[in-house]
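Student: Sequence plus predicted model, see below.
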Amino acid sequence: MKYDHYLKAGFPIPRGVIEGACRYLINDRMDITGARWTMRGAEAVLPLCSLYFSGDCDEYWQFHLQQEHKGNHLALYSSGIPLIKQVLKARCCTTPPAFPIPL
């Protein structure tokens, strides 16, 4: 951040609040005795901690479920027929397919 520009413009710089939040959200969670974190693991956990402490977890979870439903389920049942039935129906042979279907 360009603190000098913001200070000249008369904006307050609440660094204490930000540093306190960082300590609370990051340090207290990541520095648990005996815990070992990879960067990938820490990057996965910290947004969830932030959602929990901000009180937005329930709203986010509903959004997440809607997105999962759109991405995974609507495509499978878009025409009312499960995708596997569409695939079996599209086979161009007169004999029924052998199970299991070879890939």
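Tutor: Right, received. Where do you want to start? Numbering: from 1, shown residues only.
Student: Any figure for the gap between Ala42 and Met30?
Tutor: Relative to Met30, Ala42 is positioned 6 Å away (CB to CB, to the nearest Å). Every C-beta, even on glycine, is put in place using the N, C-alpha and C of the backbone.
Student: Repeat that for Leu46.
Tutor: 8 Å.
Student: in the protein, which segments are predicted with low confidence?
Tutor: Along the chain, segments meeting pLDDT under 70 span 1, 76-103.
Student: Around the nearest residue to Arg29 once chain neighbours are set aside, count how many other residues there are.
Tutor: Of all residues not flanking Arg29 in the chain, Cys49 sits nearest, at 5.6 Å (CB to CB, 6 or more residues apart in numbering). If you count neighbours by other CB atoms under 10 Å, Cys49 ends up with 16.
Student: Could you do the one 3 residues further on as well?
Tutor: Neighbours of Tyr52 under the rule other CB under 10 Å: 13.
Student: Quick check: which element contains it?
Tutor: Secondary structure from DSSP states H and E places Tyr52 in helix 39-54.
Student: Which elements pack onto that helix?
Tutor: Contacts defined by 3 or more CB pairs under 8 Å, 6 or more residues apart in numbering; DSSP states H and E place helix 39-54 against helix 28-30, helix 57-68.
Student: what's the spacing between stretch 45-65 and its chain's center?
Tutor: Mean C-alpha position of stretch 45-65 versus that of the full chain (CA atoms, centre = their mean, to the nearest Å) differs by 9 Å.
Student: meant to ask about stretch 49-69, not that
Tutor: Centroid separation for stretch 49-69 versus its chain: 9 Å, with CA atoms, centre = their mean.
Student: which parts of that stretch are buried?
Tutor: Cys49 (16 or more other CB atoms under 10 Å).
Student: go on, stretch 37-50?
Tutor: Quick answer for stretch 37-50 (16+ other CB under 10 Å): Cys49.
Student: Kindly tell me how buried Tyr6 is, as a neighbour count.
Tutor: By the criterion of other CB under 10 Å, Tyr6 has 12 neighbours.
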